[in-house]
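Trainee: I need the structure of the sequence given here:
(chains A and B)
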Protein chains: 2
Amino acid sequence: MPKKSNTVSVIPLGGVGEIGKNSTVVECNGEILVVDAGVMFPGEDMPGIDLVIPDFTYLEENKEKVRGILLTHGHEDHIGALPYLLPIVDAPVYGTRLTLGLVEARLKEHGLNGKARLQCVRAGQRLRIGPFEVEFIHVNHSIADVVALAIHTPAGIILFASDFKFDQTPIDGRPTDFHKLAELGDKGVTLLLSDSTNAERPGYTLSEKVVGETFKDVFRQAKGRILVSTFASNIHRIQQIFDAAYEHHRKVCVIGRSMVNVVSIASELGYLRIPENLLVELEELDRLPKEQVAVITTGSQGEPMSALTRMAMAEHRDIGIIPGDTVVISSSPIPGNEKLIGRTINHLFKQGAEVIYHAVSGVHVSGHASQEELKLMLNLCRPKYFVPVHGEYRMLVKHARLAEMVGIPSDSILICELGDVIEIDETGASKTRKVTAGQVLVDGLGVGDVGNIVLRDRRVLAQDGILIVVLTIDKVTAEIVAGPDIVSRGFVYMRESEELIEEAREKVKMALNECELQQVTEWGIIKDRTREVLSRFLYEKTKRRPMILPIIMEV
Amino acid sequence: MPKKSNTVSVIPLGGVGEIGKNSTVVECNGEILVVDAGVMFPGEDMPGIDLVIPDFTYLEENKEKVRGILLTHGHEDHIGALPYLLPIVDAPVYGTRLTLGLVEARLKEHGLNGKARLQCVRAGQRLRIGPFEVEFIHVNHSIADVVALAIHTPAGIILFASDFKFDQTPIDGRPTDFHKLAELGDKGVTLLLSDSTNAERPGYTLSEKVVGETFKDVFRQAKGRILVSTFASNIHRIQQIFDAAYEHHRKVCVIGRSMVNVVSIASELGYLRIPENLLVELEELDRLPKEQVAVITTGSQGEPMSALTRMAMAEHRDIGIIPGDTVVISSSPIPGNEKLIGRTINHLFKQGAEVIYHAVSGVHVSGHASQEELKLMLNLCRPKYFVPVHGEYRMLVKHARLAEMVGIPSDSILICELGDVIEIDETGASKTRKVTAGQVLVDGLGVGDVGNIVLRDRRVLAQDGILIVVLTIDKVTAEIVAGPDIVSRGFVYMRESEELIEEAREKVKMALNECELQQVTEWGIIKDRTREVLSRFLYEKTKRRPMILPIIMEV
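Mentor: Predicted coordinates for the structure are as follows:
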């Protein structure tokens, strides 16, 4: 039985109840649009994992229905999973010029360059894709060329206000397109999905221009070299560094792989205006007087392998910190990174640099709307239904309350979990069922092969290490012909624990003897007994619980 | 050759360049006082470690010289290492009543109760210990009964302003003893060591009373049960919860082991005034109307095993969250704990609680002086020399700058590293040499046995797991009689990777055959070859680098 033609389903595959890996499905009459395909960076509870991507099972099962993948902007949490989605779903990818520039670089790294059908769009454009009409709406954020999406569907307008802020004095002079949002609000928006990242922050997010003022102060006062580290993707921020350097007659050197990449992509595409002769190569730095040098680099989150961190640790091959340098860390810590950034700052101070960082206001502003702006978005769009997205549960709850405050009835606000299907038709919008959704872990070349068991083992191994007991048994006589030998890693320092290990060996021998006396020959049972005896003995002696791995060989 | 009698050495064994494990040596004429003996909680870079304590080698080498251990207050980062120091150094321990109460509980856990010579002191007291006279000075902090120490030495007064703040409206009505500090400043303080924890924060730290106002608002408005979680040691905070509950006719139940312990110690010693019949047992809660229930509990840092976290996860045996509950998390995240706390808050919201947490101002205030208070301390004491303590390097630098701002010459300010010996005599104060100092890791019963090698192994194991290759060789013929067998943990899910493991086995066999052909019989070389071949193969196939452990048995 075919669905009613005016029913539209919206399914968040990522970005609700979590920060990152944003991806949402919009479906109508058996045709699908995907909005964004982002990654999330793993927490400490996922040791060894490189990336987390959405579980795309639903799209795999419906791949022939997908008409297009729409990208709102070029941040990793919105485009990073494309290299994993495109091999499954062969659909055109729509994005603005800068977004697609960044996508191309990412696809190249995965050997997928030239294989995707990239369709360049620009804010203000309106496009028919399958049963949908999509309008791309200019919004401000911490990267350039960002769009919100108005998707016109048989069930009305669905507005995706993916990451955005309302910057009244943006660097490029183009504020978020209030007028288009107001116009859509007038027409009637059925469903608004809006960014909840900063739903806990009262007031307004400061303008990007504020950071430019800070840069100007720093450039006016610094006597030595100036090094500024920020997110590579923050084109407007980088433009302001170039502007300040130009104004104060400093040459600029760009250091750090991702910073070099983005600066080259963004300037090629015209998103960065770099005055002639402003850029210098690393090798030229030493020849310039210190007061004529500025450096733009990565590492503003204290990432261990980044250029700034390596400079701070005096481990960078090409450039070191010189006493008298001024280092500006133009970011605030992403939760979880506080200690890494703190460590970098400590080391920079130790090397004799002056460090200007997040403890100083004006050195960074967020790219996400705070509470007053979120209310403004709600008031401009006046949606019939509202789904807060892009946030952990508590942020979604806060955003829902903001919506109630501006008059949206609480039963028109849906707080979703991954895979919830929101069905919208003339009778209303509601969560009707769930599809497969969740996290897929990427570790090296493995996508989804590391699951709970492997992760649990890694966590146990990290806590107290491993102890391996090996013995060789004669398969005819069932006699032990070699071992038990004990090897451990990450448990105790073997060379200084000979006595403990010897005692453990004796315990194992006794357990094996007992097995023999009781004529236990089943390996499983022998292994279990060994594990039990050792576990108890080692905990008694050390209060540690290493993983115990008995291995039996037969000759 | 005996030292000049008026030379005093001050040696920080902990708490400089780091937060925690505070401990400082003061030495004169071969007699030693130790100020505090605290622990630090390990970071993510120390998997499996329970505690970090100072390296007490210097005190061990000079144990017969130690005349006393002075404690400023009862927080773990000031007393937690006592159970490890006392078995080395048999000296009397001086502390205020509450501090010693908490010390006794801690010693009991280590089976050391009754074995320490605890000497109770009170603020205002003056005591001669060896060549020193020690004055105990009342200061405010986030625990009761805290003292700063003025140690009168032949080289002048050394003032330890360990953790403190200037609370103008403290809960117990006793502000920091401005008058004594002013008096000492008048007499002349030679050296001030002062808390740098909040040296990055401008302005003044808010009064503890502010939190009481927030509690009153919450208790006035909440309709259902109220659960407040805070640090167990924050007696004044707990008092304010009792007061608010009493005022609003709610009974109070105390939940969580450390909270129960501290409330019982503090009320026995008279630091908590709990009205009669206010306390109720857990079993009585269900019988009370919800609007008459308040709960005080632990878990304000999202600690996985704490009462609040278990309630949030619906894993607490005795109490769960009921929709309509109001949960107040009265703390701010200690750097590194942001994600844990965030997770707890998310789960509380999901269970239907209203959660009031650090995003709301007034729910917590710090116990440490901010910049204006640090300047006040400096101005009151007018020290000749200044050593910022209790802080990471960047905080020590900021504190040093505050000292310069109030007029202390920069060459009279010493930023120290662990083990630096500051010698003070009539000619001045300077860093002269270094003694052994650093971190000792406690893991279970092991103190100092887990070092860099074990930690490095744990980190490698956590990243990509371990792969073990076992084979049995005939010792006469050097032939392989069993294996190679491969077992892995934390690398790939074995059951789904049979093909990969089989291929790996083949690679090992080929490597072993080659060894045989080349008549390589040395085990070390055979193991190295196996490791190399496997490492390359597995990286190629998976882009992972598990630890590879070849084990050879002989029969």
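Trainee: Quote the end-to-end distance of stretch A:167-184.
Mentor: One end of stretch A:167-184 sits 20 Å from the other (CA to CA, to the nearest Å).
Trainee: How is chain A partitioned into domains?
Mentor: According to automatic domain parsing, chain A comprises the domains A:8-203+A:366-436, A:208-356, A:452-554.
Trainee: quick one: the first one near chain B?
Mentor: Yes. When contact is scored as CB under 8 Å from any CB of the partner chain, part of domain A:8-203+A:366-436 falls within range of chain B: A:Gly17, A:Gly43, A:Glu44, A:Pro47, A:Gly48, A:Glu200, A:Arg201, A:Glu392, A:Tyr393, A:Arg394, A:Val397, A:Lys398. Placement of C-beta: from N, CA and C, glycine included.
Trainee: Now the weakest link among the domains of chain A, please, by mean pLDDT.
Mentor: Of all those, domain A:452-554 carries the lowest average pLDDT, namely a mean of 90.
Trainee: Now do the SS call for A:Ala266.
Mentor: What DSSP: H, G, I helix; E, B strand; the rest coil gives for A:Ala266 is helix.
Trainee: ok, back up a step: taking the residues of domain A:8-203+A:366-436 next to chain B one by one, which sit in helices?
Mentor: A:Tyr393, A:Arg394, A:Val397, A:Lys398 (DSSP state H).
Trainee: rewinding a little: CSV please, covering the domains of chain A and showing mean neighbour count.
Mentor: Formatted as CSV, those follow (neighbours: other CB atoms under 10 Å in any protein chain shown):
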stretch, mean neighbour count
domain A:8-203+A:366-436, 21
domain A:208-356, 19
domain A:452-554, 18
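Trainee: can you put the ones you listed in a markdown table and add distance to B:Asn113?
Mentor: Below are the domains of chain A laid out as a markdown table (distance: least, CB to CB, whole Å):
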| stretch | distance to B:Asn113 |
| --- | --- |
| domain A:8-203+A:366-436 | 36 |
| domain A:208-356 | 36 |
| domain A:452-554 | 20 |
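Trainee: and of these, who's closest to B:Leu441?
Mentor: Closest approach to B:Leu441 among the domains of chain A (CB to CB): domain A:452-554, 11.4 Å.
Trainee: So what would you say the end-to-end distance of the closest one is?
Mentor: End residues of domain A:452-554 are separated by 32 Å (CA to CA).
Trainee: Same question for stretch A:46-59.
Mentor: Stretch A:46-59 has its terminal residues 25 Å apart, counting by CA to CA.
Trainee: before we move on, what about stretch A:484-498?
Mentor: First residue to last in stretch A:484-498 (CA to CA) measures 15 Å.
Trainee: That one and chain B in contact?
Mentor: Yes. Remark: stretch A:484-498 sits within contact range of chain B at A:Asp485, A:Val487, A:Arg489, A:Gly490, A:Phe491, A:Val492, A:Tyr493, A:Glu496, A:Ser497, by CB under 8 Å from any CB.
Trainee: from what I can see the second one touches A:Ala504, true?
Mentor: No. Distance between A:Val487 and A:Ala504: 11.1 Å, which falls outside the contact criterion (CB atoms under 8 Å).
Trainee: Mind listing the shared neighbours of these two?
Mentor: Here A:Val487 and A:Ala504 have A:Leu467 as joint contacts, going by CB atoms under 8 Å, 6 or more residues apart in numbering or on different chains.
Trainee: Include distance to B:Val147 when you put the ones in helices among the residues of domain A:8-203+A:366-436 next to chain B into CSV, please.
Mentor: As requested, these are exported to CSV (distance: CB to CB, whole Å):
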residue, distance to B:Val147
A:Tyr393, 44
A:Arg394, 40
A:Val397, 44
A:Lys398, 42
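Trainee: which ones are touching whichever residue of the stretch 451-555 of chain A sits closest to chain B?
Mentor: Residue nearest to chain B within the stretch 451-555 of chain A: A:Lys543 (3.1 Å; CB to the nearest CB). A:Lys543 is in contact with B:Gly444, B:Leu445, counting by CB under 8 Å, 6+ apart.
Trainee: For B:Gly302, see how far away it is.
Mentor: Using CB to CB, to the nearest Å, one gets 24 Å for the distance from A:Lys543 to B:Gly302.
Trainee: repeat for A:Arg505
Mentor: Distance from A:Arg505 to B:Gly302, by CB to CB: 41 Å.
Trainee: For A:Ser9, give the beta-bridge partners.
Mentor: A:Glu27, A:Glu423 (DSSP bridges).
Trainee: My guess is it contacts A:Val26. True?
Mentor: Yes. Using CB under 8 Å, A:Ser9 is in contact with A:Val26, at 7.4 Å.
Trainee: and the longest strand for chain A?
Mentor: strand A:480-489 (DSSP state E).
Trainee: the inter-axis angle of it versus strand B:480-489?
Mentor: 30 degrees (axes from the mean of the first three to the mean of the last three CA atoms, to 10 degrees).
Trainee: orientation of the helix or strand that strand A:480-489 is followed by relative to strand A:480-489 in degrees?
Mentor: Moving toward the C-terminus from strand A:480-489, the next helix or strand (DSSP states H and E) is helix A:498-517. Angle of helix A:498-517 versus strand A:480-489, following the same axes, to 10 degrees, is 140 degrees.
Trainee: helix or strand right after helix A:498-517?
Mentor: Immediately after helix A:498-517, counting by DSSP H and E, sits helix A:523-542.
Trainee: In PDB, list the C-alpha atoms belonging to that following helix.
Mentor: In PDB, the C-alpha atoms belonging to helix A:523-542 read as follows (Å, rounded to 0.1, in the frame of the first residue of the first chain):
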ATOM      1  CA  TRP A 523      40.900 -27.200  27.800                       C
ATOM      2  CA  GLY A 524      38.100 -24.700  28.500                       C
ATOM      3  CA  ILE A 525      37.900 -25.800  32.100                       C
ATOM      4  CA  ILE A 526      41.700 -25.800  32.500                       C
ATOM      5  CA  LYS A 527      41.800 -22.300  31.100                       C
ATOM      6  CA  ASP A 528      39.000 -21.100  33.400                       C
ATOM      7  CA  ARG A 529      40.700 -22.600  36.500                       C
ATOM      8  CA  THR A 530      44.000 -21.000  35.600                       C
ATOM      9  CA  ARG A 531      42.300 -17.700  35.100                       C
ATOM     10  CA  GLU A 532      40.500 -17.900  38.400                       C
ATOM     11  CA  VAL A 533      43.500 -18.900  40.400                       C
ATOM     12  CA  LEU A 534      45.700 -16.200  38.900                       C
ATOM     13  CA  SER A 535      43.100 -13.500  39.100                       C
ATOM     14  CA  ARG A 536      42.600 -14.100  42.800                       C
ATOM     15  CA  PHE A 537      46.300 -14.300  43.500                       C
ATOM     16  CA  LEU A 538      47.300 -11.200  41.500                       C
ATOM     17  CA  TYR A 539      44.500  -9.100  43.000                       C
ATOM     18  CA  GLU A 540      45.500 -10.200  46.500                       C
ATOM     19  CA  LYS A 541      49.100  -9.300  45.800                       C
ATOM     20  CA  THR A 542      48.600  -6.100  43.800                       C
END
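Trainee: ok, then the element right after that helix?
Mentor: For helix A:523-542, the following helix or strand on the C-terminal side (DSSP H and E) is strand A:547-554.
Trainee: Contacts for that next one, please.
Mentor: Defining contact as CB under 8 Å, 6+ apart, one finds that strand A:547-554 is touched by A:457, A:460-461, A:464-475, A:482, A:523, A:526-527, A:530-531, A:534-535, A:538, B:468, B:470-472, B:482-483, B:485, B:487, B:489, B:551, B:553.
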